[in-house]
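Asker: Predicted model follows, preceded by the sequence.
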Amino acid sequence: MTRLAFCVDMQGRATQTRISQSSGHGSLDEAALECVLKKAQPLPLSSRGRCFVAPIAFGAGI
């Protein structure tokens, strides 16, 4: 499992995105980053920016 740390600005864009805990597999870590940076945006809007740490898991049947 990869843990991503990121903030969401008031326009729903992910900022300050980084891997806070690696899965141990670089390709899975990069795929997790791509999910947030390219595929999950725009994220829900907020009246102020917020920061999160989210677990991203890949696997058969997940």
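Answerer: Nice, I can see it. Numbers count the residues shown, from 1 in each chain.
Asker: Do a quick rundown of the strands in the chain.
Answerer: Ranges of strands in the chain, per DSSP state E, are 2-8, 14-21, 50-56.
Asker: Off-centre distance for the second one?
Answerer: I take that to be strand 14-21. Centre-to-centre, strand 14-21 and its host chain are 6 Å apart (CA atoms, centre = their mean, to the nearest Å).
Asker: just the first one next, same as before
Answerer: Between the centre of strand 2-8 and the centre of its host chain there is 4 Å, according to CA atoms, centre = their mean.
Asker: Repeat that for the last one.
Answerer: Relative to the centre of its chain, strand 50-56 is centred 6 Å away, using CA atoms, centre = their mean.
Asker: and it with strand 14-21, angle?
Answerer: 40 degrees (axes from the mean of the first three to the mean of the last three CA atoms, to 10 degrees).
Asker: got a list of contacts for strand 50-56?
Answerer: Applying CB atoms under 8 Å, 6 or more residues apart in numbering, the contact partners of strand 50-56 are 1-8, 16, 20, 32, 35-36. Heads up, the C-betas are built off the backbone N, CA and C, glycines and all.
Asker: Check these for burial and list the buried ones.
Answerer: Among these, those scoring as buried are 2, 3, 4, 6, 8, 32, 35, 36 (criterion: 16 or more other CB atoms under 10 Å).
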